[in-house]
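Enquirer: build me a structure from this.
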Amino acid sequence: MGFEELLDEVGGLGKFQILQMVLGLPSLMIIMCHVLLENFTAAIPDHRCWVPILDNDTVSNNNTGILSPDALLRISIPLDSNLKPEKCHRFLFPQWQLLHLNGTFPNMTDLDTEPCVDGWVYDRSLISSTIITEWDLVCDYQSMKPLVHSLFMAGMLVGGLIYGYLSDRWLVESARWLIITNKPDEGLKELKKVAHINGIKNAEAILNMEGLRAAMQKELEAAQTKTTMFDLLRTPNLRKRTCLLFFVRFANTISYYGTFINIQHFGRDIFLFQVIFGALTSSARVLPLLPLNHMGRRPTQMLFMFPVGLSILANTFVPQEMQTLRVTLASVGMGCVAAATTSTSVHATELFPTLLRAKSAALDMMATWTGAALAPLLMTLVVYLPTLPWIIYGVLPILSGLVVLFQPETRNLPLPDTIQDVENNKKFSRKVNENDSYIEVTKF
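Expert: Residues are numbered from 1 along each chain as shown. Have a look, this model is predicted:
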């Protein structure tokens, strides 16, 4: 018998566990609000070069009406491949001959142009002001936006490492961790507290030090060995699990944040898209619960990871004008990546022994925020190929889905408590031991 049976005696999933989940949600929601804030504070409005003949205040206030703004724009700003005003160049001199063209567009590559040396004019109809308009982070300075977001994510990583460590002094530790780290008295106290909150009667008769030591003798003996983060890489099976999990979490996080912080890529109405994506990611978190219990951990992760990559890759071939299809594909990807995140979290918890589970969670967090910090930087690759970041966002979750196959399946298996459990591939079903464990527990 082990901790699994003790936990069943105090209520495996009761008021205490539900209360923990509810109390943890507000902090997670606040974090995500900060992460996604740049979708609005760093939104890139339509823009073009400032030109004196059109945007000079003196000219604008004394408009004679001889030439319309559209005509002035035509002779001042070249057109891009989509026949829209260029965002980063203007004609060196007004091209008056363009006024006499009737619906035809000449080859403008022969006309002299220059960068926006006098600044830009922004469309403020949707959002009046962003850091883009304040600091002119467009054209040659467009790489500054992903750099700013990347630095913010890097700060989340550093802050998580520092304050995650400091918080261990005040947060209530799990009973399992307390017992495994040779603090059985405190662990027993926490188990009794859980039993009381869950409404379990006769907890005092069930939970006592003699029964605790008998139930977890092997785990308590293993607790005499001190562990460090390097123990995750010291033995073959743990090293394999650690490296594979790091890649899977890293790859999925890049795709998740790469899509979520660039919703403007899918259309102009970023407010609507934010609501759609937010609702999908919130509701999709519970989708894996059924397949996790019936299909297993590995098939469930693959079931959700592959559609993420395929939807992102498919979107690279859909024209910007087909916004409905683009948003639909992106919505499928966002829902699936949220479900894949839940699946990976469940699997990650079951892969590592209790002695190292907190340290593996810290490593998992490092992989998450490293991927989050790198995701915005990939957008700087658009200067080489506009679709290159999205190809990377799409390929990574497909690769991570394949990598999951190299991890062991953990459905219906007990959580490993020691490094030896992992290295010996401890494989006996939870269900098989339920009757035996009941008999052993009732002894004390």
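Enquirer: how many neighbouring residues does the nearest residue to Phe306 once chain neighbours are set aside have?
Expert: Leaving aside its chain neighbours, Phe306 sits nearest to Gly401 (5.1 Å; criterion: Cβ to Cβ, 6 or more residues apart in numbering). Every C-beta, even on glycine, is put in place using the N, C-alpha and C of the backbone. Gly401 sits with 23 neighbouring residues when counted by other Cβ atoms under 10 Å.
Enquirer: so Ile276 sits against Val332, correct?
Expert: No. Between Ile276 and Val332 no contact is recorded; they are 11.4 Å apart, counting by Cβ atoms under 8 Å.
Enquirer: who touches both of the two?
Expert: Contact with both Ile276 and Val332 is made by no residue, according to Cβ atoms under 8 Å, 6 or more residues apart in numbering.
Enquirer: state the helix or strand in which the residue nearest to Phe306 lies.
Expert: With secondary structure defined by DSSP states H and E, Gly401 is part of helix 388-403.
Enquirer: and Leu147, how many neighbours?
Expert: Leu147 is surrounded by 14 other residues when neighbours are defined as other Cβ under 10 Å.
Enquirer: swap in Tyr393?
Expert: For Tyr393, using other Cβ under 10 Å, the count is 28.
Enquirer: pull the contacting residues for the nearest residue to it once chain neighbours are set aside.
Expert: Nearest residue to Tyr393, sequence neighbours excluded (Cβ to Cβ, 6+ apart): Gly258, at 4.2 Å. By Cβ under 8 Å, 6+ apart, the contact list for Gly258 reads 375-376, 378-379, 389-390, 392-393.
Enquirer: can you add pLDDT and distance to Arg124 and give the residues you listed back as CSV?
Expert: Putting the contacts of Gly258 into CSV (pLDDT from 0 to 100; distance: Cβ to Cβ, whole Å) gives the following:
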residue, pLDDT, distance to Arg124
Ala375, 90, 28
Pro376, 89, 24
Leu378, 91, 29
Met379, 89, 23
Pro389, 92, 27
Trp390, 92, 28
Ile392, 93, 33
Tyr393, 93, 30
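Enquirer: could you work out the most separated pair of these?
Expert: With distance counted by Cβ to Cβ, no two of the contacts of Gly258 lie farther apart than Pro376 and Trp390, which are 13.4 Å apart.
Enquirer: for Val22, helix, strand, or coil?
Expert: Following DSSP: H, G, I helix; E, B strand; the rest coil, the label given to Val22 is helix.
Enquirer: quickly find the element holding Glu114.
Expert: Remark: Glu114 resides in strand 113-115, with elements defined by DSSP H and E.
Enquirer: paired strands for the next helix or strand after that strand, with orientation please.
Expert: The helix or strand immediately downstream of strand 113-115 is strand 120-122, counting by DSSP H and E. Strand 120-122 sits in its sheet next to strand 47-49 (antiparallel), going by DSSP bridges.
Enquirer: the partner strand: how far from the chain's middle?
Expert: When C-alpha coordinates are averaged (Cα atoms, centre = their mean, to the nearest Å), strand 47-49 and its chain have centres 33 Å apart.
Enquirer: quick one: mean pLDDT over it.
Expert: The average pLDDT for strand 47-49 rounds to 90.
Enquirer: where does the stretch 151-300 of the chain have low pLDDT?
Expert: Applying pLDDT under 70 to the predicted model, the residue ranges of the stretch 151-300 of the chain that meet it are 160, 163-168, 170-174, 176-177, 180, 202-206, 211, 214-225.
Enquirer: okay, the angle between the strand or helix carrying the residue nearest to Tyr393 and helix 388-403?
Expert: According to DSSP H and E, Gly258 maps onto helix 236-260. Using axes from the mean of the first three to the mean of the last three Cα atoms, to 10 degrees, the inter-axis angle of helix 236-260 relative to helix 388-403 is 150 degrees.
Enquirer: ok, then the element right after helix 236-260?
Expert: Counting by DSSP H and E, the element that comes right after helix 236-260 along the chain is helix 270-284.
Enquirer: what is the mean pLDDT for stretch 411-427?
Expert: Mean pLDDT, stretch 411-427: 79.
Enquirer: check the offset of it from the chain's centre.
Expert: Distance of stretch 411-427 from the chain centroid (Cα atoms, centre = their mean) equals 29 Å.
Enquirer: next, the buried residues of it.
Expert: Of the residues in stretch 411-427, 411, 413-419, 421-422 count as buried by neighbour count, 16 or more other Cβ atoms under 10 Å.
Enquirer: what's the most distant pair in those?
Expert: When those are compared pair by pair using Cβ to Cβ, the farthest-apart members prove to be Arg411 and Ile419, with a separation of 21.7 Å.
Enquirer: work out for me the element the residue nearest to Lys193 when sequence neighbours are not counted sits within.
Expert: In this structure, Lys193 finds its nearest non-sequential neighbour in Phe16, 7.8 Å apart by Cβ to Cβ, 6+ apart. With elements delineated by DSSP H and E, Phe16 resides in helix 15-36, which encompasses its position.
Enquirer: now that helix - C-alpha only, CSV.
Expert: Coordinates of the C-alpha atoms in helix 15-36 are reproduced here as CSV (Å, rounded to 0.1, in the frame of the first residue of the first chain):
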residue,chain,number,x,y,z
LYS,A,15,-14.3,19.7,-1.2
PHE,A,16,-10.7,20.3,-0.3
GLN,A,17,-9.4,19.5,-3.8
ILE,A,18,-12.1,21.5,-5.5
LEU,A,19,-11.5,24.5,-3.2
GLN,A,20,-7.8,24.4,-4.1
MET,A,21,-8.6,24.5,-7.8
VAL,A,22,-11.1,27.4,-7.3
LEU,A,23,-8.6,29.4,-5.3
GLY,A,24,-5.9,29.0,-7.9
LEU,A,25,-8.0,30.2,-10.8
PRO,A,26,-7.9,34.0,-10.0
SER,A,27,-4.2,34.2,-10.0
LEU,A,28,-4.0,32.4,-13.3
MET,A,29,-6.6,34.6,-14.8
ILE,A,30,-4.7,37.7,-13.7
ILE,A,31,-1.5,36.4,-15.2
MET,A,32,-3.1,35.7,-18.6
CYS,A,33,-4.7,39.1,-18.7
HIS,A,34,-1.3,40.7,-18.4
VAL,A,35,0.2,38.3,-21.0
LEU,A,36,-2.5,39.1,-23.5
